[in-house]
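>>> Would you be able to build a 3D model of this:
(one chain, ligands or ions: 2)
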Amino acid sequence: MLELRKVRRSGSSGPERAQGICLPFILLLLMFTPSVDSSWWYIGALGARVICDNIPGLVNKQRQLCQRHPDLMQSIGEGAKEWIHECQHQFQHHRWNCSTLERDHTVFGRVMLRSSREAAFVYAISSAGVVYALTRACSLGELKSCGCDTHKRGRAHDELGDFDWGGCSDNVNYGIKFAKAFVDARERMVKDARALMNLHNNRCGRMAVKRFMKLECKCHGVSGSCALRTCWLAMSDFRRTGDYLRKKYNMAVEVTMNQDGTGFMAAGRNFKGTTKNELVYVENSPDYCLMDRTAGSLGTAGRVCNKSSKGMDGCEVMCCGRGYDTTRVKRVTKCECRFKWCCSVECQDCEDTVDVHTCKPHKRPDWLDLT
Ligand SMILES: *[C@@H]1O[C@H](CO)[C@@H](O)[C@H](O)[C@H]1NC(C)=O
Ligand SMILES: *[C@@H]1O[C@H](CO)[C@@H](O)[C@H](O)[C@H]1NC(C)=O
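Ligands and ions are numbered 1, 2, ... in the order given. Sure, this is the predicted structure:
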C-alpha cells in the first residue's frame, strides 16, 4: 500500500563529494534507462498536504489546475487510495494483483509502460476514481467550486409516476468535466497509439461512474402512502464501477492504429461492433510468472494459492506450473458461541490448523537459462 511521505526536494542533503562522483553516473543511467513517467496517481501518497510544485510528474496544465483548485487535489488524493484499493480487490486472485511500489513516483512501476490490458484497466479505474471522489466531495459541500446538481429542480417523473426533485443530487457531470481536464491533460500533449489508448480508457472509466447513477426517493403522504415523492440522483457504491470495469477488462479489445494515426480499429477481424464502450489495449500482456525488473513484473513466487481451484487463484495457474509449498498454520477462530441473556454473545477461542499453499520460486536464476 501507499504510505504518507513527504517529497524531498532533490539535492537537499547528502555528502557533497559523493554527489560529485555520482552525478555523471546518474545522468548516464537516466539517459539509457527508458523513463517511466511519474503520474498524478502519486497524489494519493502525499497525504494531507498537497503542494503542487512538489508533485512529481504533473504536466503544466495539471499543475495549473492544482494551483487553482488545491481543495480538489485533496479529494483526488483521497480518492486515489480508494481506487487503488478497489483495483487490488478486483485482482487479488490474479498473478498481476495491482500491487503498488512504496515511495515510487510511478506508483505501479514499469508494468504500466506496456500498453497492456492491465494498463487499460488501471487508466480506466483511476479516472473513474477521480470522478467518484470529486462528485462525492461536491455533494458533501467540501469544495468551493461545486455543490449539488442545481439542474435537478421542479417536477419530473419516472415509471412510478411524478416526483419532486429534492435533496442533493450528485453532480456527476462536474466530476466528469474536471476529471477529463485534469486526467487527460498529459495524453493530450502527444499523439501516439498509447496516448489514444489512454484517452479512450480514461473516458470509459468516467462513463462507468455515470452509468450507475440511481434515483433515490423518500415517500411522503398519509402513513407512507407514497402519494408524494422527493427524489435525487445518487452515485452507487464504487464497487459497482469496479465490478463493471473488471468485466470490461475481461472483454477488452486489442486494437491497432489506423493509417493516418488519428484513431484505432480492432486488431482481430472477428470483432464486430464498436469499441466505444470497451477497454482497449495495444500489446499482449506478459504472463507475470517470473520476477522481471525491466518489465516490472514481480512474479508469483510466495503468492498464496488455492489447491482446489481451477481458476486464476488455483495453484496450477498462479504458480505457473512451478509447484507450491505447503505450510501448516494454526488459526484461532471464534467458536461454540452462545447467546447470553440479555443481550450478548459469548464465544470460545478455538484453534485449528489449516494448510496454506504458496508458489515455489523459479528453480534457477534467470541468467542460467540464457544458454
Ligand atoms: C501481490 O503480489 C505481490 C508479488 O507477487 C505480493 O508480494 C503481494 O503480497 C500480493 N498482494 C496481495 C494482496 O496478495
Ligand atoms: C478454493 O477454491 C474452491 C473451489 O473454487 C472454493 O470452493 C474454496 O472456497 C476456495 N478456498 C478459499 C480458501 O478461497
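>>> How about the residues of the stretch 1-150 of the chain by ligand 1?
88, 92, 97, 99 (C-beta under 6 Å from any ligand atom). Glycine gets a C-beta too; all of them are placed from N, C-alpha and C.
>>> mind checking how far the second one is from Val304?
What it means is Gln92. 10 Å (C-beta to C-beta, to the nearest Å).
>>> Show me the helices in the stretch 151-300 of the chain, by range?
Ranges of helices in the stretch 151-300 of the chain, per DSSP state H, counting those that start in this stretch, are 172-183, 193-211, 238-250.
>>> Same list, those, but as JSON lines with mean pLDDT and distance to ligand 2 please.
Shown next, in JSON lines, are these (pLDDT from 0 to 100; distance: least, C-beta to the nearest ligand atom, whole Å):
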{"stretch": "helix 172-183", "mean pLDDT": "96", "distance to ligand 2": "35"}
{"stretch": "helix 193-211", "mean pLDDT": "96", "distance to ligand 2": "28"}
{"stretch": "helix 238-250", "mean pLDDT": "98", "distance to ligand 2": "18"}
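>>> and Gln92 and Val304? which has more neighbours close in?
Set side by side, Gln92 and Val304 show more neighbours around Val304, with 15 against 12, by other C-beta atoms under 10 Å.
>>> name the element the closest residue to that one other than its chain neighbours belongs to?
Spatially, and ignoring its direct neighbours in sequence, Val304 is nearest to Thr358 (5.6 Å; C-beta to C-beta, 6 or more residues apart in numbering). Following DSSP states H and E, the helix or strand that holds Thr358 is strand 344-359.
>>> Just the C-alpha atoms of that strand, please, in CSV.
Backbone C-alpha positions of strand 344-359 (Å, rounded to 0.1, in the frame of the first residue of the first chain) are rendered in CSV as follows:
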residue,chain,number,x,y,z
SER,A,344,-24.6,-10.6,24.3
VAL,A,345,-22.9,-13.5,22.5
GLU,A,346,-20.1,-15.4,24.3
CYS,A,347,-17.7,-17.4,22.3
GLN,A,348,-14.7,-19.6,22.9
ASP,A,349,-11.4,-19.3,21.1
CYS,A,350,-10.8,-22.5,19.1
GLU,A,351,-7.6,-23.4,17.5
ASP,A,352,-7.3,-25.5,14.3
THR,A,353,-4.7,-25.9,11.7
VAL,A,354,-5.1,-25.1,8.1
ASP,A,355,-2.8,-25.8,5.1
VAL,A,356,-1.6,-22.7,3.3
HIS,A,357,-0.1,-23.2,-0.1
THR,A,358,2.4,-20.8,-1.6
CYS,A,359,4.0,-20.8,-5.0
